[in-house]
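In: give me a model of this one.
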Amino acid sequence: MCDLMIFAGLIVGRDYHVGRDYQKVIVKILKKIKPTKKEEIKDQEFIKNFVGKLDKLTPTEINVKLAGSMAKGTSLKEDKDFDVFLLFPKTYSVTELTKYGLQWAKKTVKGNRYEIAYAQHPYLRAWIEGNEVDIVPSYNIKTISERMTAVDRSPLHTGYVNNNLNDKKKDGVRLLKQFLKGIGIYGAEGKIQGFSGYLCELLIIKYKSFLNLLDEASNWKGIPVIDIEKNRGATELTGKFPDAAMIFMDPVDEHRNVAAAVSKTSLSLFIYSGRRFLKKSSTRFFFPVMKKFDKKWMQRQIKNRNTLILGFEFEKPTIVDDILWPQLYKFASKVSKIAAENDFSVLDSDVTVDNKNNKCTIIFEFEIFELPKIKRVIGPPLWLEKEVYSFMKKHKVTEPIWFSGDKILSLATRRQVRVEDLLKEIIRKAEIYGVPPDIKKAVKTKSFKMLNVDSITKRYPQFLFSYLKTRNM
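Out: Here you go, the predicted model:
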């Protein structure tokens, strides 16, 4: 690591352009994202009244407690996080916890809009006086060993963060959250596959400040592994979480990876964007200027690329987003893999959900989308005599024999020479091709459509424009 110096109360690497640019940008961003004292007092008064009202409706053995970013002092001005937990003793079953928790929550928010949301079990989300409030039934535990549901650990998270963050570090968390929002990877939900608020807090606890985190992250290689409490080695933890792009062990739950939702793509974007910010700071990282829709530019891109863009459109399955989005990504990846196995080539794909019209759309851009009827098949080397004769029989090889080096060759006929036909077959035989279960049901309905590029341009112009902007020539 480079030598470090203290600047404006923040740690900054000497390798970068340290000076007024950082100070100006950070002061400007904090002024925009940090709640004022007046706003904090108003929020505290609101949640105090709400918690008091809920507390009066519940039996004395139920504790009502604020958790989340509002309880930790790390919330953003335009993204307040009121998480209210109903803490039950273990004498209640999970069924009773859910039943009574929702009953008391509904009575408390009566007259306001609400919906039932889902984690491991249902909870209530309400909109009151312009604020979004989650009321979550859970168990009152002192240590993680007592945990009975996944949400039980949240109050423990609040306690840990409050014991390890001072006011300067809280500002560092806010900067990190807004930075991640700006580059589109804030949130652990399946749609985003990014950094949760709690992960942001832990990263600042570990690295002390926003700028020092970016400085350290710029040197991350492979899978970053962080364990601030037990300091376990990378070999042990990567073996425990073999599919993880990043590992940050939960300090209150030694078996949990807080960064489990972070994809390799999100991690790469964070490291790259951090390096760019350290080289040349700008408010645009936090509040990017959105590209205006340009139909003529999009049409030129489509014409000049000489690729084939196709799409799937189908009804949105009636499942929560955290289940839907991973299935959509998995389906897109599955189709790309099947295409490659059949000698077609996908440049890239993307997915979107139109909640207004209750539709899901996946687009594929093919580099290779039409093939010759015949293909070369490479057989075993000549010295594997038994395998050679089996190959000859299977492929009806006749004299004269065709060799490449010591390997016997043959020609085969492709079943699919147009990628459109392969895509239709994948939908028709979805169960054989391993299409995710909820997507499989959706693509089998009459609402399913395969779209050509003209249909995608007409029906989803902004989606296609955004896709092409990221991958422009």
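In: so how far is Lys393 from Val377?
Out: Distance of Val377 to Lys393, given as Cβ to Cβ, to the nearest Å: 13 Å. Where you see a C-beta, it was placed from the backbone N, CA and C, and this is true even at glycine.
In: who has more neighbours, the two?
Out: Higher neighbour count among Val377 and Lys393: Val377, with 14 against 9, using other Cβ atoms under 10 Å.
In: what's in contact with the strand or helix carrying that one?
Out: Under the criterion of DSSP states H and E, Val377 resides in strand 374-381. Contact partners of strand 374-381, identified using Cβ atoms under 8 Å, 6 or more residues apart in numbering, comprise 343, 387-388, 391-392, 395, 404, 406-414.
In: mind running it again at 7 Å?
Out: Strand 374-381 has contacts (Cβ atoms under 7 Å, 6 or more residues apart in numbering) with 343, 387-388, 391, 395, 406-414.
In: partner strands of that strand, with direction?
Out: If you go by DSSP bridges, strand 374-381 pairs up with strand 407-413 (antiparallel).
In: which helices and strands does the helix or strand just after the strand it pairs with pack with?
Out: Beyond strand 407-413 on the C-terminal side, the first helix or strand identified by DSSP H and E is helix 419-428. Contacts defined by 3 or more Cβ pairs under 7 Å, 6 or more residues apart in numbering; DSSP states H and E place helix 419-428 against strand 308-315, helix 321-341.
In: contact partners of the helix or strand encompassing Phe46?
Out: Using DSSP H and E, Phe46 sits in helix 37-57. Contacts with helix 37-57, where a contact means Cβ under 7 Å, 6+ apart, come from 35, 64, 66, 70, 77, 80, 82, 84, 104, 107-108, 128-129, 131, 133.
In: of the residues you listed, buried ones?
Out: Buried by 16 or more other Cβ atoms under 10 Å: Pro35, Val64, Leu66, Met70, Lys80, Phe82, Val84, Trp104, Thr108, Ile128, Asn131, Val133, out of the contacts of helix 37-57.
In: pull the most distant pair out of the residues you listed.
Out: Greatest spacing in these, by Cβ to Cβ: Pro35 and Trp104 (28.6 Å).
In: for Val51, see how far away Glu115 is.
Out: 20 Å.
In: the two - which one has more neighbours?
Out: Val51 (17 against 8).
In: spell out the secondary structure type for the residue nearest to the spatial centre of the chain.
Out: Compute the mean C-alpha point of the chain, and by Cα atoms, centre = their mean the closest residue is Gln193, 1.1 Å away. Here Gln193 is coil, with the state taken from DSSP: H, G, I helix; E, B strand; the rest coil.
In: ramachandran coordinates for it?
Out: phi 60, psi 50 (degrees, to the nearest 10).
In: shouldn't Gln462 be within a helix?
Out: Yes. Assessed with three-state DSSP, Gln462 lies in a helix.
In: find the nearest non-adjacent residue to it, please.
Out: Phe293 (6.1 Å; Cβ to Cβ, 6 or more residues apart in numbering).
In: that neighbour: what's it in contact with?
Out: Contacts for Phe293 (Cβ under 7 Å, 6+ apart) come out as Pro461, Gln462, Phe465.
In: any of the residues you listed buried? List them.
Out: Neighbour-count burial (16+ other Cβ under 10 Å) is assigned, among the contacts of Phe293, to Phe465.
In: let me know the closest of the contacts of Phe293 to Lys170.
Out: Lys170 has its nearest neighbour among the contacts of Phe293 in Gln462, at 36.0 Å by Cβ to Cβ.
In: who's in contact with the helix or strand hosting Val353?
Out: Using DSSP H and E, Val353 falls within strand 345-354. Residues from elsewhere that reach strand 345-354 (Cβ under 7 Å, 6+ apart): 307, 316, 328-329, 332, 336, 339-340, 360-368, 460, 463, 467, 471.
In: got a quick ChimeraX command for the buried subset of these?
Out: Remark: buried members of the contacts of strand 345-354, expressed as a ChimeraX selection using 16+ other Cβ under 10 Å:
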select :307,316,328,329,332,336,339,360,361,362,363,364,365,366,460,463,467
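In: show me where the stretch 151-300 of the chain has strands.
Out: Applying DSSP state E, counting those that start in this stretch to the stretch 151-300 of the chain gives strands spanning 225-226, 247-250, 253-257.
In: was I right about Ile302 contacting Val453?
Out: Yes. Contact criterion Cβ atoms under 7 Å: Ile302 and Val453 qualify, at 6.0 Å.
In: list residues touching both of these two?
Out: Ile309.
In: quick one on the thing from earlier: right, and the residue nearest to the centre of the chain touches Ser266 too?
Out: Yes. Using Cβ under 7 Å, Gln193 is in contact with Ser266, at 5.4 Å.
In: do you know how far the residue nearest to Ser447 when sequence neighbours are not counted is from Lys72?
Out: Using Cβ to Cβ, 6+ apart and skipping residues adjacent in sequence, the residue nearest Ser447 is Glu315, 4.5 Å away. Distance of Glu315 to Lys72, computed by Cβ to Cβ: 39 Å.
In: just Leu30 next, same as before
Out: Taking Cβ to Cβ, one finds Leu30 at 17 Å from Lys72.
In: more neighbours, these two?
Out: Ranked by neighbour count (other Cβ under 10 Å), Leu30 and Lys72 place Lys72 first, with 22 against 14.
In: pull the contacting residues for Lys264.
Out: Going by Cβ under 7 Å, 6+ apart, the list of residues near Lys264 reads Ala245.
In: burial count for the nearest residue to Phe277 once chain neighbours are set aside?
Out: In space, and not counting its chain neighbours, Phe277 is closest to Phe285: 5.1 Å by Cβ to Cβ, 6+ apart. Using other Cβ under 10 Å, Phe285 is surrounded by 19 other residues.
In: for the protein, name the helix or strand with the lowest mean pLDDT.
Out: Every helix and strand of the chain was ranked by mean pLDDT, DSSP states H and E. The lowest is strand 4-7, at a mean of 33.
In: one step back: from the buried ones among the contacts of helix 37-57, which is closest to Gln120?
Out: Distances from Gln120 to the buried ones among the contacts of helix 37-57, taken by Cβ to Cβ, are shortest for Val84, at 17.3 Å.
In: report pLDDT for the residue nearest to the centre of the chain.
Out: Listed pLDDT for Gln193 reads 95.
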